[in-house]
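Asker: pasting the sequence and the predicted model now:
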Amino acid sequence: MQQITKNVYTDTTIRGCNPSIVFTTEGSVFVDTAQILSKLLEMRTFALERGPIRYLINTEAHIDHIFGNHWFANEAITVGHEKLADDLWKVPGPLDAYDYSIDVLERQDKEALDKMPPRGEYIMMERPDITFTDHMSIKLGDTHFELYHTPGHSACQTAVYVPEERVAILGDTLFVDCQTWLHSADIDALLKSLDFVDTLDVDYLIPGHGPVVKKDYVAKQRAFIYEWLGAVSAGISKGWSVDECVANISFADRCPMDIGQPEMMEYVQVNNVIKCYNYLMGTNHPLRLGAN
Ligand SMILES: [Zn+2]
């Protein structure tokens, strides 16, 4: 775990999202939960040693952000956008979310497998106790949490701005130095949300994936999305079909996948092309598992 400011911690070194903790004088607030269970339990212990865990905010409904919610049941008040429960991602392939998570643990966190509850007892808590529509403020101790709906990467996307710490925790509105997933994106909304992030008065942005950055990274993320659109647009202008775009366009050599998921590279390349193609052509080609 890294300490970002006096009261904000995150872990950008593990597979899955960057789970974060904000400490206040009245207890802590978690923002997203780790997919690597042993790390999640370490973070919980670290927080509980300093006081109660009061809130759990989820920035989105993708499995790597909500997998660990189970371990906060009956402990923290859960908070998220009103669309969170309707925005669950069907993980690619034959596995459901539970088996997908078991598979991740088997491959990357074997020692924590025996702490995983049986299927019938596992609760993802995808329906937050408190929901909001556009903006919500939470005050805990002397700390304010300003939650903003920042749709784009996903429909329920939420940014958590903590003015006293001059930090914003963005979930997957920002991918830093790793592949950007557009598989569930509303591209216009995403660009607009990046413009909004630019207006926040912060020293640090905690992305969904990759290292913590300053605000100047927002321009890079925006440019990368335009590059994706540009590449697919160039294909379309050559008369390429969606299949030809999928076959010929890849940003795989530009940067790695986030930690621990190189196997998802093809999925991201193929579906980013399809999302950009649909955006540019007004078509509705479905996502695919891979190139074929
Ligand atoms: Zn995501």
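Answerer: Everything's here; your move.
Asker: wait, residue 115 touches residue 40, no?
Answerer: No - if you go by CB atoms under 8 Å, residue 115 and residue 40 don't touch, sitting 9.5 Å apart. In short, each C-beta sits where N, CA and C put it, glycine included.
Asker: run the chain-centre distance for the top helix by length along the chain.
Answerer: The longest helix of the chain (DSSP state H) is helix 217-237. Here the centre of helix 217-237 is set off from its chain's centre by 20 Å, with CA atoms, centre = their mean, to the nearest Å.
Asker: now stretch 69-86
Answerer: Offset of stretch 69-86 from its chain centre (CA atoms, centre = their mean): 15 Å.
Asker: what does that stretch contact?
Answerer: 30, 33, 40-41, 44, 52-61, 117, 122-133, 136, 138, 147, 149, 155-158 (CB atoms under 8 Å, 6 or more residues apart in numbering).
Asker: ok, back up a step: ok, residue 115 and residue 40, which is more surrounded?
Answerer: residue 40 (26 against 13; other CB atoms under 10 Å).
Asker: residue 196 falls within a strand, correct?
Answerer: No - membership of residue 196 in a strand is not supported by DSSP: H, G, I helix; E, B strand; the rest coil, which gives helix.
Asker: quick one: buried ones out of the contacts of stretch 69-86?
Answerer: Buried subset of the contacts of stretch 69-86 (neighbour count, 16 or more other CB atoms under 10 Å): 30, 33, 40, 44, 53-61, 122, 124-126, 128, 131-132, 136, 138, 147, 149, 155-158.
Asker: contact partners for residue 167?
Answerer: 4-5, 8, 22, 161, 202-206.
Asker: looking at this protein, which helix or strand does the model trust least?
Answerer: Least confident helix or strand, the chain: helix 97-108 with a mean of 89, by mean pLDDT, DSSP states H and E.
Asker: what sits up against that one?
Answerer: Contacts for helix 97-108 (CB under 8 Å, 6+ apart): 15-16, 35-37, 63, 67, 88, 91, 93, 95, 112-113, 116, 119, 122, 124, 260.
Asker: now do the same for the residue of the stretch 151-292 of the chain found nearest the ion: its pLDDT.
Answerer: In the stretch 151-292 of the chain, the residue that lies nearest the ion is residue 172 (3.6 Å; CB to the ion). The per-residue pLDDT reported for residue 172 equals 97.
Asker: and the one 10 residues further on, by the same measure?
Answerer: Listed pLDDT for residue 182 reads 96.
Asker: same question, residue 292
Answerer: The confidence metric pLDDT takes the value 50 at residue 292.
Asker: contacting residues around the closest residue to residue 93 other than its chain neighbours?
Answerer: Excluding the flanking residues, the one nearest residue 93 by CB to CB, 6 or more residues apart in numbering is residue 289, at 6.3 Å. Shown in contact with residue 289 (CB under 8 Å, 6+ apart): 92-93, 267.
Asker: could you pull out the strands in the stretch 51-200 of the chain for me?
Answerer: 53-57, 77-81, 130-132, 135-140, 143-149, 158-162, 167-175 (DSSP state E, counting those that start in this stretch).
Asker: which residues of the stretch 101-250 of the chain lie near the ion?
Answerer: With CB under 5 Å from the ion as the criterion, the stretch 101-250 of the chain comes near the ion at residues residue 172.
Asker: what about residue 21, which SS state?
Answerer: Quick answer, by three-state DSSP: residue 21 is strand.
Asker: list the contacts for it?
Answerer: 1, 8-10, 28-31, 43, 46-47.
Asker: what number of residues lie near the spatially closest residue to it that is not a sequence neighbour?
Answerer: Spatial nearest neighbour of residue 21, excluding adjacent residues (CB to CB, 6+ apart): residue 9 at 4.7 Å. Residues lying near residue 9 (other CB under 10 Å) number 19.
Asker: thanks a lot, see you next time.
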